[in-house]
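Visitor: Predicted model and sequence follow; I will ask about them next.
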Amino acid sequence: MTVQELQKAFVDAYGKKEDAIYFSPGRVNLIGEHTDYNGGYVFPCALSFGTYLLIRKNGTKEVNFRSVNEPEVIKVSLDKITEPLAKGTWANYLMGVFTQFIKRGVEFKEGYDILIWGNVPLGAGLSSSAALEVVTAFALNDQMGTGYDRTELAKIGQKAEHEFAYVMCGIMDQFASAQGKKDHAIFLNCDTLEFELVPVKLNGIKVVISNTHSPHKLGDEYNDRVRECQLAVEQLRTVRPNLNNLAELTQAEFDEIKGAITDPIALKRARHVVGEVQRTVDAVKYLKAGDIETFGKLMNASHDSLRDDYEVTGKFLDTLAEEAWKIDGVIGSRMTGGGFGGCTVSLVKNEAIDTFKEKVGKAYKEKTGLEADFYIAEIGDGAKKI
Ligand code: ADP
Ligand code: MG
């Protein structure tokens with residue numbers, strides 16, 4: 001939808017014009033997967049597609065939530081806004097953000113009419129949830145004049161996801177949505193939240209996102225992985241009492257003490273995290289040096305590790321990555337996001353893109369019975385007022 005169409009939809013829904021419009025993007029992670037909640041590095045970029053939010057003060061004590069993507073209108077009184085609705089209700093993401101403002105001492109005296117619309121495919125691993133949380137946080141920050149910086153808005157979004165969607169996510173998705181910059185990826189240390197915007201100038205190469213459209217959505221597995229990594233840290237503390245997180249360990253340090261992890265699953269998870277943090281640091285170094293071929297090889301190695309040690313790929317993502325690797329002109333390909341279903345991200349030479357779509361699409365259909373979808377990613381800016 002265009003902004004004009006959204007404005008019309010707002011008037012149709014609420015009978016009056018909006019006060020303001022905000023936007024926040026989805027993201028694609030180039031490398032550094034399942035490292036954020038382990039204090040490691042990630043390297044995501046914001047996409048040009050995301051979630052729009054139109055808002056107006058309505059002079060009542062109620063907040064009305066509507067989404068062009070969902071049929072129902074959800075009406076919540078301000079004194080109930082800190083109480084999550086049934087698990088899975090989409091308005092929980094927005095209510096979770098209101099709640100974080102309230103926890104920080106902000107008092108909402110008046111309700112709002114809100115309409116949202118997003119063009120990030122929902123549940124596809126491109127973080128429509130973070131786009132929704134961050135656009136809400138950005139809008140309330142502007143409406144209430146609270147002056148939180150973008151990092152704080154990302155933290156607000158992450159907490160909303162923990163407390164209202166029950167996903168114990170790291171900070172990557174919300175951070176990318178809040179801090180993204182056109183044609184840049186964000187090299188983020190998830191422990192200190194220090195970050196660097198690295199230009200992604202890919203001469204003759206595009207970032208291609210392939211959607212599995214898999215019926216298997218990421219569910220409890222995410223929180224399982226968080227717990228498995230915590231177990232690895234606890235067991236490592238028997239030999240390294242002040243260890244904070246897995247990402248603190250170099251590969252050599254990990255190899256020296258990994259025998260302390262007695263749980264075989266936790267050992268595999270930890271091995272992925274330690275290796276992935278190193279791969280991410282290396283990948284950024286190679287990108288800066290203009291060595292995109294090595295960057296691509298590290299992406300492939302990331303996928304291998306996510307398949308074998310972290311066990312979050314599954315046949316849909318594996319098929320897309322493996323078929324991509326066979327094509328001449330593919331620099332690298334890996335799953336992106338939480339895993340199981342969702343998307344892969346690939347770097348593909350311009351001249352190979354048509355062949356890529358055709359061959360990968362055909363093989364994927366034969367092997368899984370599903371149609372994949374392909375998007376050329378444009379790297380866009382983070383949250384903004386329109
Ligand atoms: P992902 O973040 O990978 O897209 P999630 O399962 O974390 O997948 O988040 C998807 C959920 O976010 C949807 O099921 C819905 O509840 C909510 N959501 C995101 N965008 C919108 C939107 N535009 N309208 C309504 N709900 C949305
Ligand atoms: Mg999400």
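Guide: Arrived safely. Ligands and ions are numbered 1, 2, ... in the order given.

Visitor: Just give the number of residues close to the residue of the chain found nearest ligand 2.
Guide: Per CB to the ion, Ser129 is where the chain lies closest to ligand 2, at 3.2 Å. Quick note: C-beta positions are derived from backbone N, CA and C, even for glycine. Using other CB atoms under 10 Å, Ser129 has 25 neighbouring residues.

Visitor: Tell me who's in contact with it.
Guide: 93, 161, 165, 167, 173 (CB atoms under 8 Å, 6 or more residues apart in numbering).

Visitor: Considering only these, which also neighbour ligand 1?
Guide: Tyr93 (CB under 6 Å from any ligand atom).

Visitor: top of the contacts of Ser129 by neighbour count?
Guide: Comparing those on neighbour count, Asp173 comes out first with 30 neighbours (neighbours: other CB under 10 Å).

Visitor: isn't it right up against Pro25?
Guide: No - here Asp173 does not reach Pro25: they are 10.4 Å apart, not a contact under CB atoms under 8 Å.

Visitor: I'd guess the residue of the chain closest to ligand 2 is in a helix, am I close?
Guide: Yes - assessed by DSSP: H, G, I helix; E, B strand; the rest coil, Ser129 belongs to a helix.

Visitor: I'd like the distance between it and His162.
Guide: As for Ser129, its distance to His162 is 12 Å (criterion: CB to CB, to the nearest Å).

Visitor: Pretty sure Gly382 is one of the things Leu47 touches, is it not?
Guide: No - assessed by CB under 8 Å, Leu47 is found out of contact with Gly382, at 10.6 Å.

Visitor: Could you name every residue contacting both of these two?
Guide: Pro25.

Visitor: For Lys17, grab the count of nearby residues.
Guide: Other residues within reach of Lys17, judged by other CB under 10 Å, total 11.

Visitor: contacting residues for it?
Guide: Lys17 sits next to 7, 10-11, 56 when contact means CB under 8 Å, 6+ apart.

Visitor: Find me the pLDDT at it, would you?
Guide: At Lys17, the predicted lDDT confidence score is 98.

Visitor: buried ones in the biggest helix by length in the chain?
Guide: Longest helix of the chain, by residue count under DSSP state H: helix 264-288. Residues of helix 264-288 classed as buried: 266-284, 286-287 (neighbour count, 16 or more other CB atoms under 10 Å).

Visitor: likewise stretch 195-207?
Guide: 195, 197-198, 200, 202, 205-207.

Visitor: which residues make contact with it from outside it?
Guide: Outside of stretch 195-207, the residues within contact range by CB under 8 Å, 6+ apart are 28, 30, 43, 45, 175, 179, 181, 183-189, 284, 287-288, 292, 331, 345-351, 353, 376-377, 379.

Visitor: returning to that earlier point: would you format the contacts of Ser129 as TSV with distance to ligand 2, secondary structure and pLDDT included?
Guide: Shown next, in TSV, are those (distance: CB to the ion, whole Å; DSSP: H, G, I helix; E, B strand; the rest coil; pLDDT from 0 to 100):
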residue	distance to ligand 2	secondary structure	pLDDT
Tyr93	9	helix	98
Glu161	7	helix	97
Ala165	8	coil	95
Val167	7	coil	93
Asp173	6	helix	98
